[in-house]
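Colleague: Here is my input, please return the structure:
(2 chains)
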Amino acid sequence: MIYREAGQYKVTYEADQAIFPIVQDRFAMLALLAIAFVAVPLLASEYAYRAVLIPTVILALAAIGLNVLMGYCGQVSLGSGAFMGVGAYAAYNLSVHLPFLNPLVSILLSGFVAAGIGILFGIPSLRIKGFYLACATLAAQFFGDWAFLRIKWITNYTPSGSVNAPPIQLFGVDLSSPTAIYIVALAFTVVLGLATKNLVRGHIGRQWMAIRDMDIAAEIIGVRPMYAKLSAFAVSSFLIGVSGAMWAFLYLGSWEPAAFSIDRSFQLMFMVIIGGLGSILGSVLGAIFIVLLPIFLNQALPPLGAVVGWQISTATVSHFESMIFGALIVFFLVVEPHGLARLWSIGKEKLRLWPFPH
Amino acid sequence: MALRKAALLGAAIVSAGLIAAGTAQAQNEQFIPGLVYRTGAYAPNGVPFADGVADYINMINARDGGINGVKILFEECETGYATDRGVECYERLKGKGPTGAAYFSPLSTGITFALTEKAPGDKIPLLTMGYGRADSRDGSVFTWNFPLMGTYWTAANVAIQHIAHEWGGFDKLKGKKIALLYHDSPYGKEPIAALESMSKKYGFDFLQIPVPAPGSEQKSQWLQIRQARPDYVLLWGWGVMNSAAVSEAGNVNYPRDKMLGVWWSGAEPDVLPAGDKAKGYKALMLQHPAGKFAVHKDIDKFVVSQGKSLAKPEEVGQVLYNRGLINSMLGTEAIRTAQAKFGNKPMTGEQVRWGFEHLDLTADRIKQLGFEGMMGPLKVSCADHEGTRLSRVHQWDGKEWKVISDYYTGDDSILEPLVKDVAGKYAAEKKITPRDCSKES
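Modeller: You can find the predicted model right below:
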């Protein structure tokens, strides 16, 4: 009833090709942005920022990046953790060797470095597909692990191998408070997410989807596979690199190579799979789910256990987290293989009719 | 359908409430958080330490009713030795209790590095007893870090002193080869700077052999050791890496009594899995041995016999359990020192930091607390956040650890310039003006 397009006539091509053609969608999106930028900073506690909001926003950008590669272009990638690390260490090196650069500029430029490395490790995709490409990108992950530990100039020859981020400021305004960091991360994610949404709706995105759906047929009709695949790797690695730099600079502050290990790659992959492959909204929903679930379980299980008189130790909570996490992933893949985004679009379809029964 | 929707809605409300809710707080309680890892590759060593930490605090609550009447509220948070989980636990627990967290003790060098950035802003001290950043000994730069009882540079120096003692003098080190088999993480890399400087001074070859985390796979490293034939192997491992190293040493027949582990590689979980292969393996001690001392009587009386101990019975008195007791003792004594100045009430993080910096444990006080025979006197000051530089060596004889050396003191003629240099670099990088310790009260 609320969600009907009746009466909304589009008289220009621009109006028809808008990202949110339905007025209700546009209104909802603006409301969401207003809540995210205005209401949340007024209401959130410091713990909510540091443990929930900031990691979710940063990992949402990484999930969008991985979705570009896995969801839109169909190239399996298990190396996303290493690309986040490339972005982080590139931003660190830029801030160390070019100290006049604002840290936020370093974060943006590190994306280009990550894009370059991504293209390099995307070259195998021109010859191999599916599981074999997963192995090649897994090699990228382990190569990253090795490089961050062994190549000393990456960490600026620090004896411990652990590096620090510079203080975040913009034109002299100190941005180290949780609210400011949250706004910065949200701004990066929203702007880059919007850019990505437009990319995937344009001719490049259609090339990616053609390669994903049937690459030989795509090649026949004139989509250049090398250009499409490598551009997917480039864009994806750019987004993941920026996200990695944000993770290091805005969230961790001081990090060692283990922060970008294979576990991070798997975490991003789960976000994309649960959220929905081939959907920007799905990446964000997946990120929210994966970040919130362990925290929710950690907080909810002891009180629940206390209700039945069972004193759960921290180790048991941790084990439960792993079990429930795995079970939920399997459950989602069985019940809704297209992820949370599909659940959302089903919901939208039903909203068109609600409250009238069909 | 309606039931499912109602259930989903209920779950959403509950979860929102849980994340947003604060906790109802008692007014006269001191909150001490415990960052522990009881799961993961480092759990074998993390569990006894965490048990010791918890048991001592429970004992203080049961025996004394808290610290000068202020009961301690203790809560554990599982970090799994992962930096991001450690940071999340820190954020969750730092504001709990009427005055916030008293201090944090992450038992992880990686998490310490991350919290070193955050703790000064939140004004909460970090107790990194026997680990953490070696340069954080310099309290004028690292105001909020307290690597009490020993840092890795002290450990490296004492290890070289012991080796020299075994060979009959520092001149015998010249031309020999000493290998460092280390966990490829900030923890394992910490001693390298000190060992490099000592290898230049004493003329021994220093061979660095990294083991990628978590360290259960070491065959290639031990084959490398078998080829290189170093005269001594220093082991800087943690968790499963320790037992794997001792086992592999047995497999390639490298003499176990030519291995010397750091104090985090010298406990029962490191040698028991290797069985007979561990006989003769030596390790540094963070001053205290395994075994039961006066404080264990109180632990038995007030915690173990009441069924409140988190530890298994055979764990009480083991190396890492004792270390957990000392960790909590140092923390509670710092709070007590702070209360002597600021009053018998829950202390804020800043006040506890003052307490740490003015901690003065004399031999008498240590005897009063029941730790005689476990550690020597400790005096912290603004310039010296380590408090003491003593260590000694024990050796596993197949059944238990036997102390085989006297106390060594870390050689400040080597250590102090190194600390000043690296701490100075950190201060310059972070734009911190070091405090003037002569002016501090």
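
Colleague: any idea of the mean pLDDT in the longest helix seen in chain A?
Modeller: For chain A, the helix that runs over the most residues, judged by DSSP state H, is helix A:280-307. Mean pLDDT, helix A:280-307: 88.

Colleague: Now do the helix or strand that that helix is followed by against helix A:280-307, angle only.
Modeller: Of the helices and strands lying after helix A:280-307 in sequence (DSSP states H and E), the nearest is helix A:314-335. On the basis of axes from the mean of the first three to the mean of the last three Cα atoms, to 10 degrees, helix A:314-335 is oriented at 140 degrees to helix A:280-307.

Colleague: For chain B, what's its nearest residue on chain A.
Modeller: Closest to chain B within chain A is A:Ala315: 3.3 Å, counting by Cβ to the nearest Cβ. Bear in mind the C-beta positions are built from the backbone N, C-alpha and C, glycine included.

Colleague: residues near residue 270, how many?
Modeller: All of this refers to chain A. 20 (other Cβ atoms under 10 Å in any protein chain shown).

Colleague: looking at chain B here, not the other one
Modeller: Applying other Cβ under 10 Å, we find 30 residues neighbouring B:Asp270.

Colleague: Same check on A:Tyr92?
Modeller: Count around A:Tyr92 with other Cβ under 10 Å applied: 24.

Colleague: pretty sure B:Ile326 is touching B:Leu378, no?
Modeller: No - with contact defined as Cβ atoms under 8 Å, B:Ile326 does not count as touching B:Leu378 (10.0 Å).

Colleague: more neighbours, these two?
Modeller: B:Ile326 (24 against 20).

Colleague: Not counting residues beside it along the chain, what's closest to that one?
Modeller: Closest residue to B:Ile326 apart from its sequence neighbours, by Cβ to Cβ, 6 or more residues apart in numbering or on different chains: B:His288 at 6.1 Å.

Colleague: go on, B:Val403?
Modeller: Per Cβ to Cβ, 6+ apart, closest to B:Val403 is B:His394, 4.9 Å.

Colleague: again with B:Arg85
Modeller: Using Cβ to Cβ, 6+ apart, the closest residue to B:Arg85 is B:Thr79 (4.7 Å).

Colleague: isn't that neighbour right next to B:Leu93, touching?
Modeller: No - with contact defined as Cβ under 8 Å, B:Thr79 does not reach B:Leu93; the gap is 11.0 Å.

Colleague: With neighbour numbers in mind, choose between the two.
Modeller: Set B:Thr79 next to B:Leu93 and count neighbours by other Cβ under 10 Å: B:Thr79 wins out with 30 against 22.

Colleague: Secondary structure element holding the residue of chain B found nearest chain A?
Modeller: Of all residues in chain B, B:Arg38 sits closest to chain A, at 3.3 Å by Cβ to the nearest Cβ. Assigned by DSSP H and E, B:Arg38 falls within no helix or strand.

Colleague: show me the contacts for it.
Modeller: Shown in contact with B:Arg38 (Cβ atoms under 8 Å, 6 or more residues apart in numbering or on different chains): A:313-315, A:318, B:46-47, B:50, B:78.

Colleague: pLDDT at B:Ser328, what is it?
Modeller: 95.

Colleague: name the element the residue nearest to it when sequence neighbours are not counted belongs to?
Modeller: In space, and not counting its chain neighbours, B:Ser328 is closest to B:Tyr56: 3.7 Å by Cβ to Cβ, 6+ apart. Assessed by DSSP H and E, B:Tyr56 sits inside helix B:43-64.

Colleague: So for that helix, mean pLDDT?
Modeller: In this model, helix B:43-64 has an average pLDDT of 93.

Colleague: do the same with stretch B:75-87
Modeller: Mean pLDDT, stretch B:75-87: 88.

Colleague: Same check on stretch B:135-149?
Modeller: 92.

Colleague: Give the buried residues for the longest helix of chain A.
Modeller: A:280-302, A:305 (16 or more other Cβ atoms under 10 Å in any protein chain shown).

Colleague: helices and strands around that helix, which ones?
Modeller: helix A:54-67, helix A:178-201, helix A:262-275, helix A:314-335, helix A:339-353, helix B:2-20 (3 or more Cβ pairs under 8 Å, 6 or more residues apart in numbering or on different chains; DSSP states H and E).

Colleague: tally of neighbours for the residue nearest to A:Pro178 when sequence neighbours are not counted?
Modeller: Of all residues not flanking A:Pro178 in the chain, A:Tyr49 sits nearest, at 3.7 Å (Cβ to Cβ, 6+ apart). Using other Cβ under 10 Å, A:Tyr49 is surrounded by 22 other residues.

Colleague: need the contact list for A:Tyr49.
Modeller: A:Tyr49 neighbours (Cβ under 8 Å, 6+ apart): A:178-179, A:181-182.

Colleague: next one: A:Ala60
Modeller: Contacts of A:Ala60 (Cβ under 8 Å, 6+ apart): A:189, A:193, A:283-284, A:287-288.

Colleague: so how far is A:Ala90 from it?
Modeller: 21 Å (Cβ to Cβ, to the nearest Å).

Colleague: Equivalent analysis for A:Val76, please.
Modeller: 24 Å.

Colleague: Repeat that for A:Val235.
Modeller: In terms of Cβ to Cβ, A:Val235 sits 17 Å off from A:Ala90.

Colleague: the more surrounded of these two?
Modeller: The neighbour comparison of A:Val235 against A:Ala90 (other Cβ under 10 Å) goes to A:Val235, with 27 against 24.

Colleague: in what helix or strand does the more buried one lie?
Modeller: helix A:225-246.

Colleague: How far away from the center of its chain is that helix?
Modeller: Taking Cα atoms, centre = their mean, to the nearest Å, one finds helix A:225-246 lying 12 Å from the centre of the chain it belongs to.

Colleague: ditto for stretch A:249-268
Modeller: Here stretch A:249-268 is found 13 Å from its chain centre; the criterion is Cα atoms, centre = their mean.

Colleague: Quick check: end-to-end length of that stretch?
Modeller: Counting by Cα to Cα, to the nearest Å, you get 19 Å between the two ends of stretch A:249-268.

Colleague: Low-confidence stretches in the chain?
Modeller: In the absence of a named chain, chain A is used. Applying pLDDT under 70 to chain A flags residues A:1, A:358.

Colleague: That was the other one, I meant chain B.
Modeller: B:1-26, B:440-441.

Colleague: need the longest helix for it.
Modeller: Criterion DSSP H: the longest helix present in chain B is helix B:319-342.

Colleague: Kindly calculate the angle that the helix or strand following it makes with helix B:319-342.
Modeller: Downstream of helix B:319-342, the next assigned helix or strand under DSSP H and E is helix B:349-357. Computed by the same axes, to 10 degrees, the angle separating helix B:349-357 from helix B:319-342 equals 110 degrees.

Colleague: Just list what helix B:349-357 packs against, helices and strands only.
Modeller: For helix B:349-357, the elements it packs on are helix B:319-342, judged by 3+ Cβ pairs under 8 Å, 6+ apart.

Colleague: and the helix it packs on, which residues are buried?
Modeller: B:319-339.

Colleague: Go ahead and confirm A:Leu96 touches A:Ile154.
Modeller: That one is not Leu; residue A:96 is Val. No - A:Val96 is not in contact with A:Ile154 according to Cβ under 8 Å; the separation is 10.5 Å.

Colleague: Which of those two has more residues huddled nearby?
Modeller: A:Ile154 (20 against 15).

Colleague: Once you drop chain neighbours, what's closest to that one?
Modeller: A:Ile154's closest residue in space is A:Tyr89 (Cβ to Cβ, 6+ apart), at 5.1 Å.
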